[in-house]
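Trainee: with the sequence up front, the predicted model follows.
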Amino acid sequence: MSQLPFDLSRLVELTETSGVPGYEDRIRELVVEDLEASVDRVETDAMGNVVGTLEGTSEYAVVVGAHMDEIGFMVRHVRGNDDGFGFLELDALGGWDARVLKAQRVTVHTDEGDLPGVIGSPPPHTLDDDEREKKARVEDVYVDLGLPTDEAEARVSPGDLVTLEQRTTRVGETVTGKALDDRVCLFAMLETARRIDDPDVTIHFAATVQEEVGLRGARALGVDVDPDLAIALDVTVANDVPGFDAGEYVTRLGEGAAIKLKDSSVITNPKVHRRLRAVAETEEIDYQLEILPAGGTDTAGFQQAHGAKPVGAISVPTRYLHTPTEVAHVDDIVAVIELLEAFLESEDGEHDYTL
């Protein structure tokens, strides 16, 4: 394996740090730390969005957004018999496929500290035919803390948060772990902020909250920041694996940054995505086009927040989204960073994005 062209340890830290929608405190601290070393000023708002601003020489403003939150859970009930063990019932924060949750390790985040736990799965040879065929539901998932009921009730309260416990590591030409959605794009945004000096236009690097539960942070932020142009960064589907036809891939790993044309929440501005393509071709940056049939991103949040705004989006192709083993290609991560950097450095506020 070749030497990575970026700081893997920082990406590992960003992905392994917990931060579910509405409770992005830990990841926000890392973002503020990075931005304070790269931009002119850093501000946060009442929702928890972070904006790091590089002042340009013109009044034209561009916002670049990547969301901080990851999918997770909130404890809704602690149950168990008085003389037995306690178990946690969960409410989902974000879109989970319950099939992937069995036999996972988790961390329960309480006011008194973190607790390890597991989502159990009964041995298959103990299940009858009805149990084997039963559709998996998040509502049926429970966390086993390995603690007696009274201790579980004393240490865990409804409203405490739960995240999956998973390491981020390199696998061949890829990086895998939990919360690559959207920490790999957060990483790309922070790296781009570090690389750019003295831009022609003012650039707001925005780390948004609550994307996984309805693009809420971006919608609120768009009112406060009111940019002339918005570029969102997020992961996108890469179904380039056995079981899918080529037309279902959406994107392929290793073929470059994905320039979004549409998803179910937005149709990007044609002039913006054409300029993204032109920049990629001029700079010889590998890219592919993204037409995502389902799923939404902060791109729509920025577009809808403060009147008609030109929006574009760059995505990191990622396999196995919304699972503990999301996978992105090293070269695609680099391509996203390089494309975003080149686009922002060449933005002078004179491009006409009106239709």
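Mentor: It's in. Numbering: from 1, shown residues only.
Trainee: helix or strand for the residue positioned nearest the centre of the chain, which one?
Mentor: Within the chain, one residue has its C-alpha closest to the average C-alpha position: by Cα atoms, centre = their mean, that is residue 182, at 1.6 Å. In this assignment (DSSP states H and E), residue 182 forms part of helix 180-195.
Trainee: that older thread, do you know the pLDDT at the residue nearest to the centre of the chain?
Mentor: Residue 182 carries a pLDDT value of 92.
Trainee: now swap in residue 305 and tell me
Mentor: 62.
Trainee: hmm, residue 14 and residue 27 touching each other?
Mentor: Yes: with contact defined as Cβ atoms under 8 Å, residue 27 reaches residue 14; the gap is 6.9 Å. C-beta coordinates here come from the backbone N, C-alpha and C atoms, glycine included.
Trainee: overlap in contacts, these two.
Mentor: Taking Cβ atoms under 8 Å, 6 or more residues apart in numbering as the contact definition, residue 27 and residue 14 share the neighbouring residues 183, 186.
Trainee: which ones are touching the residue nearest to the centre of the chain?
Mentor: When contacts are counted by Cβ under 8 Å, 6+ apart, residue 182 touches 66, 67, 68, 69, 70, 211, 233, 234, 235.
Trainee: kindly recompute the last result at 7 Å.
Mentor: Neighbour list for residue 182: 66, 67, 211, 234, 235 [criterion: Cβ atoms under 7 Å, 6 or more residues apart in numbering].
Trainee: roughly how far apart are it and residue 61?
Mentor: Residue 182 sits 22 Å away from residue 61, going by Cβ to Cβ, to the nearest Å.
Trainee: can you spell out the domain ranges of this structure, please?
Mentor: The record's domain parsing of the chain by automatic domain parsing lists 8-70+178-345, 72-164.
Trainee: quick check, nearest of the contacts of residue 182 to residue 178?
Mentor: Within the contacts of residue 182, distances to residue 178 taken as Cβ to Cβ reach their minimum at residue 235, with 12.3 Å.
Trainee: dig out what the closest one forms beta bridges with.
Mentor: Note on residue 235: beta-bridge partners residue 316, judged by DSSP bridges.
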